[in-house]
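Trainee: Sequence isn't available, so here's the structure alone:
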(Lines give C-alpha, C1' and ligand atoms only; values in the text may rest on other atoms or scores of the structure.)
Protein backbone atom coordinates (compact mmCIF):
# COMPACT_ATOMS: atom_id res chain seq x y z
CA UNK A 1 0.00 0.00 0.00
CA UNK A 2 1.36 3.40 -1.01
CA UNK A 3 1.10 5.78 1.96
CA UNK A 4 2.52 8.80 0.10
CA UNK A 5 -0.87 10.51 -0.50
CA UNK A 6 -1.65 10.20 3.23
CA UNK A 7 1.65 11.62 4.50
CA UNK A 8 0.38 15.20 5.10
CA UNK A 9 -2.30 13.83 7.47
CA UNK A 10 0.06 11.35 9.12
CA UNK A 11 2.53 14.18 9.80
CA UNK A 12 0.07 15.63 12.31
CA UNK A 13 -1.87 12.56 13.39
CA UNK A 14 1.16 10.52 14.51
CA UNK A 15 2.45 12.95 17.21
CA UNK A 16 -1.02 14.16 18.18
CA UNK A 17 -2.45 10.70 18.87
CA UNK A 18 0.80 9.59 20.51
CA UNK A 19 0.80 12.46 23.03
CA UNK A 20 -1.95 11.05 25.32
CA UNK A 21 -0.47 7.55 25.06
CA UNK A 22 2.87 8.85 26.37
CA UNK A 23 1.10 9.79 29.62
CA UNK A 24 0.50 6.09 30.27
CA UNK A 25 4.20 5.18 30.08
CA UNK A 26 5.07 5.53 33.75
CA UNK A 27 8.10 3.19 34.11
CA UNK A 28 11.43 5.03 34.02
CA UNK A 29 12.63 5.89 30.54
CA UNK A 30 9.63 4.58 28.58
CA UNK A 31 8.07 8.03 28.05
CA UNK A 32 11.35 9.33 26.62
CA UNK A 33 11.74 6.27 24.39
CA UNK A 34 8.20 6.55 23.09
CA UNK A 35 8.47 10.28 22.35
CA UNK A 36 11.80 9.76 20.60
CA UNK A 37 10.42 7.00 18.36
CA UNK A 38 7.44 9.21 17.43
CA UNK A 39 9.75 12.12 16.59
CA UNK A 40 11.98 9.92 14.43
CA UNK A 41 8.89 8.63 12.62
CA UNK A 42 7.71 12.23 12.10
CA UNK A 43 11.11 13.12 10.65
CA UNK A 44 10.94 10.14 8.28
CA UNK A 45 7.50 11.32 7.08
CA UNK A 46 8.81 14.87 6.55
CA UNK A 47 11.87 13.61 4.67
CA UNK A 48 9.73 11.57 2.29
CA UNK A 49 7.55 14.59 1.55
CA UNK A 50 10.63 16.77 1.01
CA UNK A 51 11.68 14.51 -1.86
CA UNK A 52 8.40 15.37 -3.57
CA UNK A 53 8.84 19.08 -2.79
CA UNK A 54 12.41 19.16 -4.11
CA UNK A 55 11.06 18.02 -7.49
CA UNK A 56 8.57 20.89 -7.51
CA UNK A 57 5.66 18.60 -6.64
CA UNK A 58 2.90 19.10 -4.10
CA UNK A 59 0.98 16.69 -1.88
CA UNK A 60 -2.63 17.53 -1.08
CA UNK A 61 -4.88 15.65 1.33
CA UNK A 62 -8.60 16.32 1.78
CA UNK A 63 -9.91 15.38 5.22
CA UNK A 64 -13.07 13.27 5.13
CA UNK A 65 -13.40 13.52 1.36
CA UNK A 66 -14.83 17.06 1.55
CA UNK A 67 -13.17 19.22 -1.09
CA UNK A 68 -11.97 22.71 -0.15
CA UNK A 69 -13.24 25.30 0.58
CA UNK A 70 -16.04 23.30 2.32
CA UNK A 71 -13.73 20.72 3.85
CA UNK A 72 -10.33 20.86 5.51
CA UNK A 73 -7.40 20.54 3.13
CA UNK A 74 -3.76 19.82 3.93
CA UNK A 75 -1.08 20.79 1.45
CA UNK A 76 2.69 20.25 1.38
CA UNK A 77 5.00 21.82 -1.20
CA UNK A 78 8.67 22.78 -1.29
CA UNK A 79 8.41 25.58 1.31
CA UNK A 80 6.35 23.61 3.81
CA UNK A 81 8.62 20.58 3.26
CA UNK A 82 11.61 22.69 4.30
CA UNK A 83 9.83 23.83 7.47
CA UNK A 84 8.70 20.29 8.30
CA UNK A 85 12.26 19.01 7.98
CA UNK A 86 13.45 21.73 10.37
CA UNK A 87 10.69 21.10 12.95
CA UNK A 88 10.80 17.30 12.96
CA UNK A 89 14.61 17.22 12.71
CA UNK A 90 14.93 19.59 15.67
CA UNK A 91 12.52 17.47 17.71
CA UNK A 92 14.23 14.17 16.82
CA UNK A 93 17.74 15.45 17.55
CA UNK A 94 16.73 17.13 20.82
CA UNK A 95 14.91 14.02 22.07
CA UNK A 96 17.75 11.68 21.10
CA UNK A 97 20.00 13.76 23.36
CA UNK A 98 17.38 14.68 25.96
CA UNK A 99 17.47 11.98 28.60
CA UNK A 100 20.49 13.08 30.72
CA UNK A 101 19.36 16.72 30.73
CA UNK A 102 15.70 15.93 31.39
CA UNK A 103 16.57 13.48 34.19
CA UNK A 104 18.56 16.27 35.82
CA UNK A 105 15.90 18.99 35.46
CA UNK A 106 12.51 17.22 35.43
CA UNK A 107 11.21 15.02 38.25
CA UNK A 108 10.66 11.42 37.16
CA UNK A 109 6.91 11.35 37.89
CA UNK A 110 6.41 14.49 35.76
CA UNK A 111 8.38 13.26 32.75
CA UNK A 112 5.44 11.58 30.95
CA UNK A 113 3.57 14.89 31.11
CA UNK A 114 6.66 16.71 29.82
CA UNK A 115 7.10 14.39 26.82
CA UNK A 116 3.37 14.46 26.11
CA UNK A 117 3.47 18.26 25.96
CA UNK A 118 6.53 17.98 23.69
CA UNK A 119 4.61 15.84 21.18
CA UNK A 120 1.66 18.25 21.30
CA UNK A 121 4.06 21.10 20.48
CA UNK A 122 5.44 19.00 17.62
CA UNK A 123 1.93 18.24 16.34
CA UNK A 124 0.98 21.92 16.50
CA UNK A 125 4.08 23.11 14.65
CA UNK A 126 3.76 20.48 11.93
CA UNK A 127 0.02 21.19 11.68
CA UNK A 128 0.75 24.85 10.93
CA UNK A 129 3.10 23.82 8.12
CA UNK A 130 0.69 21.39 6.41
CA UNK A 131 -2.57 23.32 6.85
CA UNK A 132 -4.09 24.99 3.77
CA UNK A 133 -6.77 26.69 5.88
CA UNK A 134 -6.22 30.00 7.69
CA UNK A 135 -8.33 29.12 10.74
CA UNK A 136 -6.72 25.72 11.19
CA UNK A 137 -3.36 27.47 11.17
CA UNK A 138 -4.66 29.44 14.16
CA UNK A 139 -5.86 26.24 15.90
CA UNK A 140 -2.49 24.53 15.45
CA UNK A 141 -0.74 27.74 16.49
CA UNK A 142 -2.61 27.68 19.79
CA UNK A 143 -1.89 23.97 20.33
CA UNK A 144 1.84 24.51 19.84
CA UNK A 145 1.85 27.67 21.97
CA UNK A 146 0.02 26.13 24.93
CA UNK A 147 2.28 23.08 24.85
CA UNK A 148 5.35 25.34 24.61
CA UNK A 149 4.27 27.26 27.72
CA UNK A 150 4.15 23.96 29.62
CA UNK A 151 7.59 22.94 28.34
CA UNK A 152 9.22 26.26 29.22
CA UNK A 153 7.72 26.34 32.72
CA UNK A 154 8.47 22.66 33.32
CA UNK A 155 12.00 23.04 34.66
CA UNK A 156 13.17 23.56 38.23
CA UNK A 157 14.08 27.25 37.78
CA UNK A 158 11.30 29.43 39.18
CA UNK A 159 12.50 32.32 37.02
CA UNK A 160 10.88 30.48 34.11
CA UNK A 161 7.42 31.42 35.43
CA UNK A 162 7.63 35.20 34.76
CA UNK A 163 9.40 34.42 31.47
CA UNK A 164 6.62 32.09 30.33
CA UNK A 165 3.97 34.55 31.54
CA UNK A 166 5.47 37.26 29.32
CA UNK A 167 5.63 34.75 26.47
CA UNK A 168 1.97 33.83 27.09
CA UNK A 169 0.84 37.47 27.05
CA UNK A 170 2.79 38.34 23.90
CA UNK A 171 1.80 35.09 22.20
CA UNK A 172 -1.87 35.70 22.99
CA UNK A 173 -1.68 39.22 21.58
CA UNK A 174 -0.05 37.89 18.43
CA UNK A 175 -2.65 35.15 18.01
CA UNK A 176 -5.48 37.63 18.63
CA UNK A 177 -4.15 40.01 15.98
CA UNK A 178 -3.88 37.12 13.54
CA UNK A 179 -7.44 35.98 14.30
CA UNK A 180 -8.85 39.50 13.84
CA UNK A 181 -7.14 39.69 10.46
CA UNK A 182 -8.51 36.31 9.41
CA UNK A 183 -12.00 37.39 10.51
CA UNK A 184 -11.81 40.48 8.33
CA UNK A 185 -10.67 38.49 5.30
CA UNK A 186 -13.44 35.95 5.88
CA UNK A 187 -15.98 38.75 6.17
CA UNK A 188 -14.99 40.04 2.72
CA UNK A 189 -14.38 36.74 0.92
CA UNK A 190 -16.52 34.11 2.67
CA UNK A 191 -13.70 31.55 2.74
CA UNK A 192 -10.87 30.41 5.00
CA UNK A 193 -9.02 28.29 2.44
CA UNK A 194 -5.80 30.08 1.45
CA UNK A 195 -6.01 29.25 -2.26
CA UNK A 196 -9.65 30.33 -2.32
CA UNK A 197 -8.76 33.55 -0.49
CA UNK A 198 -6.20 34.39 -3.16
CA UNK A 199 -8.81 33.96 -5.90
CA UNK A 200 -11.67 35.78 -4.13
CA UNK A 201 -9.77 38.83 -2.87
CA UNK A 202 -9.38 39.87 -6.50
CA UNK A 203 -13.19 40.08 -6.74
CA UNK A 204 -13.57 42.33 -3.66
CA UNK A 205 -14.49 45.91 -4.62
CA UNK A 206 -13.57 47.59 -1.31
CA UNK A 207 -10.06 46.51 -0.35
CA UNK A 208 -9.76 48.69 2.77
CA UNK A 209 -10.82 45.87 5.18
CA UNK A 210 -8.32 43.58 3.42
CA UNK A 211 -5.56 46.14 3.94
CA UNK A 212 -6.46 46.34 7.64
CA UNK A 213 -6.49 42.54 7.80
CA UNK A 214 -3.04 42.39 6.20
CA UNK A 215 -1.76 44.74 8.90
CA UNK A 216 -3.24 42.69 11.74
CA UNK A 217 -1.96 39.40 10.31
CA UNK A 218 1.53 40.79 9.65
CA UNK A 219 1.93 42.29 13.13
CA UNK A 220 0.49 39.21 14.85
CA UNK A 221 2.81 36.83 13.03
CA UNK A 222 5.80 39.17 13.41
CA UNK A 223 5.19 39.06 17.16
CA UNK A 224 5.08 35.26 17.08
CA UNK A 225 8.26 35.21 14.98
CA UNK A 226 10.11 37.60 17.34
CA UNK A 227 10.80 40.10 14.56
CA UNK A 228 12.54 43.19 15.96
CA UNK A 229 11.21 45.14 17.91
CA UNK A 230 8.49 42.60 18.80
CA UNK A 231 11.03 40.16 20.23
CA UNK A 232 10.95 41.08 23.93
CA UNK A 233 9.54 37.70 25.00
CA UNK A 234 12.24 35.60 23.34
CA UNK A 235 15.47 36.14 25.37
CA UNK A 236 13.92 35.31 28.75
CA UNK A 237 11.86 32.41 27.40
CA UNK A 238 14.91 30.74 25.84
CA UNK A 239 17.18 31.52 28.78
CA UNK A 240 14.96 30.24 31.60
CA UNK A 241 13.45 27.16 29.92
CA UNK A 242 14.90 23.66 30.42
CA UNK A 243 18.04 23.36 28.31
CA UNK A 244 16.73 20.67 25.98
CA UNK A 245 13.53 22.68 25.38
CA UNK A 246 15.64 25.66 24.35
CA UNK A 247 17.49 23.49 21.83
CA UNK A 248 14.16 22.40 20.31
CA UNK A 249 12.33 25.73 20.26
CA UNK A 250 15.32 27.85 19.23
CA UNK A 251 15.81 25.67 16.16
CA UNK A 252 12.25 25.80 14.85
CA UNK A 253 9.51 27.71 16.73
CA UNK A 254 10.00 31.23 15.33
CA UNK A 255 10.73 29.83 11.87
CA UNK A 256 7.23 28.37 11.66
CA UNK A 257 5.76 31.84 12.32
CA UNK A 258 8.06 33.30 9.64
CA UNK A 259 6.81 30.61 7.27
CA UNK A 260 3.17 31.60 7.86
CA UNK A 261 4.02 35.30 7.48
CA UNK A 262 5.77 34.77 4.13
CA UNK A 263 3.11 32.33 2.94
CA UNK A 264 0.29 34.77 3.63
CA UNK A 265 2.04 37.68 2.02
CA UNK A 266 3.11 35.90 -1.16
CA UNK A 267 0.18 33.48 -1.58
CA UNK A 268 -2.68 35.75 -0.56
CA UNK A 269 -1.83 39.44 -0.57
CA UNK A 270 0.86 40.34 -3.09
CA UNK A 271 -1.00 38.99 -6.13
CA UNK A 272 -4.02 41.14 -5.24
CA UNK A 273 -2.55 44.44 -4.02
CA UNK A 274 -0.93 46.96 -6.34
CA UNK A 275 2.58 47.84 -5.16
CA UNK A 276 2.21 45.58 -2.11
CA UNK A 277 5.69 44.27 -2.82
CA UNK A 278 7.01 47.79 -2.19
CA UNK A 279 4.97 48.10 1.01
CA UNK A 280 6.21 44.71 2.21
CA UNK A 281 9.82 45.77 1.66
CA UNK A 282 9.29 49.23 3.14
CA UNK A 283 7.82 47.74 6.30
CA UNK A 284 10.05 44.71 6.89
CA UNK A 285 13.45 45.67 5.48
CA UNK A 286 14.18 48.45 8.03
CA UNK A 287 13.02 46.21 10.89
CA UNK A 288 15.24 43.39 9.62
CA UNK A 289 18.28 45.69 9.39
CA UNK A 290 17.67 47.14 12.85
CA UNK A 291 17.17 43.67 14.31
CA UNK A 292 20.42 42.44 12.78
CA UNK A 293 22.49 45.35 14.10
CA UNK A 294 20.84 45.99 17.49
CA UNK A 295 20.58 42.34 18.53
CA UNK A 296 24.18 41.65 17.45
CA UNK A 297 25.36 44.65 19.46
CA UNK A 298 23.47 43.50 22.58
CA UNK A 299 24.82 39.96 22.22
CA UNK A 300 28.39 41.28 22.16
CA UNK A 301 28.01 42.45 25.78
CA UNK A 302 25.77 39.71 27.21
CA UNK A 303 27.29 37.77 30.11
CA UNK A 304 25.09 34.66 30.19
CA UNK A 305 25.78 32.11 27.45
CA UNK A 306 22.15 31.06 26.92
CA UNK A 307 20.87 34.62 26.86
CA UNK A 308 23.69 35.64 24.51
CA UNK A 309 22.65 33.02 21.97
CA UNK A 310 18.96 33.78 22.53
CA UNK A 311 19.54 37.44 21.68
CA UNK A 312 21.59 36.44 18.65
CA UNK A 313 18.54 34.55 17.36
CA UNK A 314 16.81 37.92 16.88
CA UNK A 315 19.65 38.96 14.57
CA UNK A 316 19.44 35.67 12.66
CA UNK A 317 15.68 36.15 12.24
CA UNK A 318 16.60 39.54 10.80
CA UNK A 319 18.69 37.87 8.07
CA UNK A 320 15.76 35.62 7.12
CA UNK A 321 13.30 38.54 6.96
CA UNK A 322 15.83 40.66 5.04
CA UNK A 323 16.12 38.09 2.25
CA UNK A 324 12.33 37.79 1.99
CA UNK A 325 11.96 41.58 1.82
CA UNK A 326 13.91 41.66 -1.46
CA UNK A 327 10.94 39.99 -3.23
CA UNK A 328 13.35 38.20 -5.56
CA UNK A 329 14.11 34.55 -6.20
CA UNK A 330 17.68 35.06 -4.98
CA UNK A 331 16.51 36.72 -1.75
CA UNK A 332 13.86 34.11 -0.99
CA UNK A 333 16.32 31.30 -1.72
CA UNK A 334 18.81 32.86 0.71
CA UNK A 335 16.06 33.12 3.35
CA UNK A 336 15.10 29.48 2.92
CA UNK A 337 18.68 28.26 3.15
CA UNK A 338 19.29 30.40 6.23
CA UNK A 339 16.15 28.98 7.87
CA UNK A 340 17.71 25.54 7.51
CA UNK A 341 21.30 26.48 8.35
CA UNK A 342 20.43 28.55 11.40
CA UNK A 343 18.45 25.60 12.80
CA UNK A 344 21.55 23.41 12.41
CA UNK A 345 23.88 25.92 14.07
CA UNK A 346 21.62 27.06 16.90
CA UNK A 347 20.36 23.55 17.65
CA UNK A 348 23.95 22.30 17.94
CA UNK A 349 24.96 25.22 20.15
CA UNK A 350 22.10 24.77 22.60
CA UNK A 351 22.65 21.00 22.77
CA UNK A 352 26.29 21.65 23.63
CA UNK A 353 25.12 24.11 26.29
CA UNK A 354 22.83 21.40 27.69
CA UNK A 355 25.97 19.25 27.96
CA UNK A 356 27.81 22.04 29.77
CA UNK A 357 24.85 22.46 32.13
CA UNK A 358 25.12 18.81 33.18
CA UNK A 359 28.52 19.69 34.70
CA UNK A 360 28.22 23.43 35.48
CA UNK A 361 25.30 24.80 37.49
CA UNK A 362 26.10 28.41 36.54
CA UNK A 363 26.11 29.26 32.81
CA UNK A 364 27.46 32.77 33.11
CA UNK A 365 30.48 33.16 30.86
CA UNK A 366 32.86 34.04 33.67
CA UNK A 367 31.92 30.77 35.42
CA UNK A 368 32.70 28.67 32.34
CA UNK A 369 36.33 29.74 32.05
CA UNK A 370 38.55 26.83 31.12
CA UNK A 371 35.67 24.42 30.47
CA UNK A 372 37.39 23.19 27.30
CA UNK A 373 40.16 21.63 29.39
CA UNK A 374 37.82 19.10 30.99
CA UNK A 375 35.17 19.05 28.23
CA UNK A 376 37.21 19.34 25.01
CA UNK A 377 34.72 17.55 22.74
CA UNK A 378 31.77 19.62 23.95
CA UNK A 379 33.76 22.82 23.51
CA UNK A 380 34.90 21.79 20.02
CA UNK A 381 31.29 21.13 18.94
CA UNK A 382 30.38 24.62 20.18
CA UNK A 383 33.23 26.13 18.18
CA UNK A 384 32.12 24.45 14.95
CA UNK A 385 28.46 25.45 15.38
CA UNK A 386 29.49 28.95 16.50
CA UNK A 387 31.63 29.45 13.41
CA UNK A 388 28.68 28.32 11.27
CA UNK A 389 26.54 30.96 13.02
CA UNK A 390 29.15 33.57 12.08
CA UNK A 391 29.40 32.33 8.48
CA UNK A 392 32.98 31.09 8.36
CA UNK A 393 33.80 29.51 4.93
CA UNK A 394 33.40 25.75 4.94
CA UNK A 395 30.31 25.86 7.18
CA UNK A 396 26.61 25.93 6.34
CA UNK A 397 26.26 29.48 7.66
CA UNK A 398 28.67 30.76 5.02
CA UNK A 399 26.45 29.45 2.22
CA UNK A 400 23.33 31.30 3.32
CA UNK A 401 25.19 34.55 4.04
CA UNK A 402 26.94 34.37 0.68
CA UNK A 403 23.57 33.85 -1.02
CA UNK A 404 22.15 36.78 0.96
CA UNK A 405 25.00 39.06 -0.15
CA UNK A 406 24.48 38.02 -3.77
CA UNK A 407 20.77 38.80 -3.45
CA UNK A 408 21.53 42.16 -1.81
CA UNK A 409 23.77 43.16 -4.73
CA UNK A 410 20.69 43.12 -6.96
CA UNK A 411 18.87 45.76 -4.88
CA UNK A 412 19.99 48.77 -6.86
CA UNK A 413 20.94 51.99 -5.03
CA UNK A 414 20.77 50.47 -1.54
CA UNK A 415 22.83 47.39 -2.41
CA UNK A 416 25.99 48.84 -0.85
CA UNK A 417 24.25 49.63 2.43
CA UNK A 418 22.75 46.15 2.62
CA UNK A 419 26.08 44.42 1.97
CA UNK A 420 27.84 46.60 4.57
CA UNK A 421 25.18 45.73 7.19
CA UNK A 422 25.54 42.00 6.47
CA UNK A 423 29.36 42.15 6.66
CA UNK A 424 29.45 44.36 9.77
CA UNK A 425 26.89 42.18 11.58
CA UNK A 426 28.91 39.09 10.67
CA UNK A 427 31.96 40.70 12.29
CA UNK A 428 29.83 41.47 15.34
CA UNK A 429 28.72 37.83 15.39
CA UNK A 430 32.37 36.79 15.29
CA UNK A 431 33.01 38.99 18.33
CA UNK A 432 30.30 37.43 20.49
CA UNK A 433 31.07 33.90 19.34
CA UNK A 434 34.76 34.49 19.99
CA UNK A 435 33.89 35.64 23.52
CA UNK A 436 32.44 32.16 24.09
CA UNK A 437 35.43 30.42 22.51
CA UNK A 438 37.96 32.52 24.40
CA UNK A 439 36.16 31.88 27.68
CA UNK A 440 36.01 28.12 27.19
CA UNK A 441 39.71 27.86 26.35
CA UNK A 442 41.26 30.33 28.78
CA UNK A 443 42.69 29.50 32.21
CA UNK A 444 39.93 28.88 34.78
CA UNK A 445 39.42 31.05 37.81
CA UNK A 446 40.27 29.51 41.18
CA UNK A 447 36.76 28.76 42.43
CA UNK A 448 35.42 27.14 39.27
CA UNK A 449 34.12 23.58 39.78
CA UNK A 450 36.95 21.06 39.68
CA UNK A 451 36.97 17.46 38.46
CA UNK A 452 34.49 18.28 35.70
CA UNK A 453 34.17 15.54 33.10
CA UNK A 454 32.89 15.40 29.52
CA UNK A 455 29.19 15.89 28.71
CA UNK A 456 26.92 12.83 28.82
CA UNK A 457 27.36 10.68 25.72
CA UNK A 458 23.86 11.18 24.17
CA UNK A 459 24.22 14.96 24.31
CA UNK A 460 27.76 14.82 23.02
CA UNK A 461 26.97 12.51 20.10
CA UNK A 462 23.98 14.52 18.87
CA UNK A 463 25.81 17.84 19.32
CA UNK A 464 28.61 16.46 17.16
CA UNK A 465 26.10 15.11 14.65
CA UNK A 466 24.83 18.65 14.19
CA UNK A 467 28.36 20.08 14.17
CA UNK A 468 29.32 17.71 11.36
CA UNK A 469 26.06 18.55 9.57
CA UNK A 470 27.09 22.21 9.67
CA UNK A 471 30.31 21.26 7.90
CA UNK A 472 28.62 18.77 5.55
CA UNK A 473 25.96 21.22 4.35
CA UNK A 474 28.66 23.89 4.07
CA UNK A 475 30.57 21.71 1.60
CA UNK A 476 27.55 20.07 -0.07
CA UNK A 477 24.59 22.48 0.20
CA UNK A 478 22.57 21.05 -2.69
CA UNK A 479 19.65 19.57 -0.73
CA UNK A 480 18.51 22.67 1.23
CA UNK A 481 19.44 24.84 -1.76
CA UNK A 482 17.21 22.89 -4.17
CA UNK A 483 14.30 22.93 -1.69
CA UNK A 484 14.74 26.67 -1.11
CA UNK A 485 14.94 27.44 -4.83
CA UNK A 486 11.75 25.44 -5.47
CA UNK A 487 10.06 27.30 -2.61
CA UNK A 488 11.20 30.68 -3.97
CA UNK A 489 9.87 29.89 -7.44
CA UNK A 490 6.53 28.81 -5.99
CA UNK A 491 6.23 31.94 -3.82
CA UNK A 492 7.04 34.32 -6.67
CA UNK A 493 4.69 32.51 -9.01
CA UNK A 494 1.84 33.27 -6.62
CA UNK A 495 2.87 36.92 -6.15
CA UNK A 496 2.87 37.82 -9.87
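Mentor: Yes, it's here. Because the structure is a prediction, the values reported are computed rather than measured.

Trainee: so how far is residue 64 from residue 351?
Mentor: 40 Å (Cβ to Cβ, to the nearest Å). The C-beta positions use only the backbone N, C-alpha and C, and glycine is treated the same way.

Trainee: Ok, residue 436 next?
Mentor: 51 Å.

Trainee: what's the answer for residue 231, then?
Mentor: Residue 231 is 39 Å from residue 64, by Cβ to Cβ.

Trainee: Pick out whichever of residue 351 and residue 64 has more residues nearby.
Mentor: More crowded of residue 351 and residue 64, by other Cβ atoms under 10 Å: residue 351, with 36 against 7.

Trainee: For that one, pull up the helix or strand it's in.
Mentor: Residue 351 belongs to helix 329-357 when assigned by DSSP states H and E.

Trainee: packing partners for the helix or strand following that helix?
Mentor: Once the chain leaves helix 329-357, the next helix or strand it forms, by DSSP H and E, is helix 371-374. Packing contacts for helix 371-374, counted by 3 or more Cβ pairs under 8 Å, 6 or more residues apart in numbering; DSSP states H and E, involve helix 376-390, helix 415-441.

Trainee: Name the stretch among the ones you listed that sits most buried.
Mentor: Comparing the helices and strands packed on helix 371-374 by mean neighbour count (mean count of other Cβ atoms under 10 Å), helix 376-390 ranks first with a mean of 24.

Trainee: elements contacting it?
Mentor: Against helix 376-390 (3+ Cβ pairs under 8 Å, 6+ apart) you get helix 329-357, helix 371-374, helix 396-408, helix 415-441, helix 457-475.

Trainee: rank those helices by pLDDT, which is bottom?
Mentor: Lowest mean pLDDT within the helices and strands packed on helix 376-390: helix 371-374, a mean of 84.

Trainee: Okay, buried residues for it please.
Mentor: For helix 371-374, burial by neighbour count (16 or more other Cβ atoms under 10 Å) applies to 371-372, 374.

Trainee: Distance to residue 131 for the residues you listed - can I get that in a markdown table?
Mentor: Below are the buried residues of helix 371-374 laid out as a markdown table (distance: Cβ to Cβ, whole Å):
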| residue | distance to residue 131 |
| --- | --- |
| 371 | 43 |
| 372 | 45 |
| 374 | 47 |
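
Trainee: Quickly name whichever of those is closest to residue 477.
Mentor: Residue 477 lies nearest to residue 372 out of the buried residues of helix 371-374, by Cβ to Cβ, at 29.1 Å.

Trainee: Report the contact partners of the closest one.
Mentor: Residue 372 makes contact with 379-380, 440-441 under the criterion Cβ atoms under 8 Å, 6 or more residues apart in numbering.

Trainee: Equivalent analysis for residue 356, please.
Mentor: By Cβ under 8 Å, 6+ apart, residue 356 lies in contact with 305, 363, 368, 371, 375, 378, 455.

Trainee: repeat for residue 185
Mentor: So residue 185 contacts 134, 197, 201, 209-210, 213, 268 (Cβ under 8 Å, 6+ apart).

Trainee: Can you tell me the closest non-neighbouring residue to residue 115?
Mentor: residue 35 (4.0 Å; Cβ to Cβ, 6 or more residues apart in numbering).

Trainee: Distance-wise, check that neighbour relative to residue 437.
Mentor: As judged by Cβ to Cβ, residue 35 and residue 437 stand 33 Å apart.

Trainee: So residue 342 sits against residue 320, correct?
Mentor: Yes. Under the criterion of Cβ atoms under 8 Å, residue 342 makes contact with residue 320 at 7.4 Å.

Trainee: tell me, what's touching those two both at once?
Mentor: Common neighbours of residue 342 and residue 320 (Cβ under 8 Å, 6+ apart) are residue 255.

Trainee: Quick check: nearest residue in space to residue 140, chain neighbours excluded?
Mentor: residue 127 (3.3 Å).

Trainee: Where does the prediction get shaky in the stretch 251-400 of the chain?
Mentor: 270-280 (pLDDT under 70).

Trainee: Can you list the residue ranges for helices in the stretch 1-150 of the chain?
Mentor: Listed in chain order, the helices of the stretch 1-150 of the chain (DSSP state H, counting those that start in this stretch) span 7-22, 30-54, 78-105, 111-130, 134-153.

Trainee: now for the fourth one, which elements pack on it?
Mentor: The reference is to helix 111-130. Helices and strands touching helix 111-130, by 3+ Cβ pairs under 8 Å, 6+ apart, are helix 7-22, helix 30-54, strand 73-76, helix 78-105, helix 134-153, helix 243-264.

Trainee: got it, and the second one?
Mentor: In this structure, helix 30-54 packs against helix 7-22, strand 73-76, helix 78-105, helix 111-130, helix 478-495, with contacts taken as 3+ Cβ pairs under 8 Å, 6+ apart.

Trainee: Rebuild those as CSV, extending it with mean pLDDT, distance to residue 297 and mean neighbour count.
Mentor: Shown next, in CSV, are those (pLDDT from 0 to 100; distance: least, Cβ to Cβ, whole Å; neighbours: other Cβ atoms under 10 Å):
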stretch, mean pLDDT, distance to residue 297, mean neighbour count
helix 7-22, 91, 39, 20
strand 73-76, 86, 39, 24
helix 78-105, 90, 27, 25
helix 111-130, 92, 30, 26
helix 478-495, 83, 29, 20
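
Trainee: mind giving me a markdown table with the ones you listed and columns for distance to residue 40?
Mentor: Output for those, formatted as a markdown table (distance: least, Cβ to Cβ, whole Å):
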| stretch | distance to residue 40 |
| --- | --- |
| helix 7-22 | 11 |
| strand 73-76 | 19 |
| helix 78-105 | 5 |
| helix 111-130 | 12 |
| helix 478-495 | 19 |
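
Trainee: Against which helices or strands is the helix or strand containing residue 313 packed?
Mentor: Secondary structure from DSSP H and E places residue 313 in helix 305-325. Here helix 305-325 touches helix 234-240, helix 243-264, helix 276-300, helix 329-357, helix 396-408, helix 415-441, going by 3+ Cβ pairs under 8 Å, 6+ apart.
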